[in-house]
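Engineer: Compute the structure for the input listed below.
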Amino acid sequence: MALTLHTPVHSELVIKKSRFLGCVQPVADHATALAVVAQLHARHPGAAHVCWALLAGGHSAANDDGEPGGTAGRPMLEVLRHQDLDGVLATVVRYFGGVKLGAGGLVRAYTDAVAQALLGAEKVPLRRRIALRCAVPYAMEGMVRRELQQAGAELDEVLHGDSVAFAFTVAEDAVAALRLRLDDAGHGQIAWPQDAPAGGSA
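Structural biologist: Reported below is the predicted structural model:
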C-alpha cells in the first residue's frame with residue numbers, strides 16, 4: 001500500500017557554504033504542488049534555486065530549476081520512490097555559498113536534504129478520496145453536517161437555493177457507510193446528483 005505523509009517535515013544542510021532547505025509534505029495533485037513551489041519562490045527571493053519532485057496519483061514530475069540537468073529534481077524523486085510514497089512533494093531551496101559542488105556533490109546534497117527530512121516524517125496509509133454531491137431539505141442541513149463531520153469528510157461548498165446543496169470529499173472506504181446513514185436518516189428526501197469525478201489523495 002502506498003504511503004503519504006501526515007504533516008510537512010523540514011531539513012537544513014550546509015555544504016561548502018551553500019544552504020539547502022529541504023521539505024517533504026503531503027499534496028493532493030500537481031496544481032497544488034505548483035502553488036507550493038510558487039510560494040517558496042516568493043518567500044525566498046534571494047535563493048539561487050528552488051528544486052522539487054512530485055509523486056501524486058501515479059504521476060511524477062521533477063524540476064532542476066537551473067541546476068545542471070539531472071542533479072536535483074530527479075535524485076529527489078528517486079528518494080520518494082524508494083520510500084513507496086504517493087501524494088508527496090519534495091522541495092529544496094538552495095542558497096549558493098560561492099563554492100561549486102560539481103554534479104556528484106549536487107546529487108548527494110539534494111538527495112540528502114530530502115532523505116534527512118523524511119527521517120522525521122510520520123508516514124500514513126494513502127486513502128483515496130472521492131468527491132460527492134447531495135441536495136437536502138433545509139430541515140436536514142444540521143444532520144447532514146454532523147454526519148459529514150463524523151465521517152471525516154471535507155466540505156468544499158454549501159449552496160442554499162430551493163434546497164441545501166453540499167459538495168464534499170470523503171475517503172473512498174467511508175463512502176458506502178456514509179451514504180447509507182444519510183439515506184436512512186433522510187427518509188428518501190436526499191438527492192444524489194451525478195457523482196463528481198474522484199478527487200485527489202488525502
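
Engineer: I would like the residues contacting the worst-scoring helix or strand of the chain on mean pLDDT, please.
Structural biologist: Ranking every helix and strand in the chain by mean pLDDT, DSSP states H and E puts strand 123-125 at the bottom, with a mean of 85. For strand 123-125, the external contacting residues (CB atoms under 8 Å, 6 or more residues apart in numbering) are 1-6, 83, 85. Quick note: C-beta positions are derived from backbone N, CA and C, even for glycine.

Engineer: what's the following helix or strand after it?
Structural biologist: strand 129-136 (DSSP states H and E).

Engineer: State the mean pLDDT of that following strand.
Structural biologist: For strand 129-136, mean pLDDT rounds to 89.

Engineer: Next one: the residue most central in space within the chain from residue 111, what distance?
Structural biologist: Centre of the chain computed as the mean C-alpha position; nearest residue by CA atoms, centre = their mean is residue 27, 0.8 Å away. Distance, residue 27 to residue 111, by CB to CB, to the nearest Å: 20 Å.

Engineer: thinking again about what came up before, which members of the contacts of strand 123-125 are classed as buried?
Structural biologist: In terms of neighbour count (16 or more other CB atoms under 10 Å), the buried residues within the contacts of strand 123-125 are 2-5, 83, 85.
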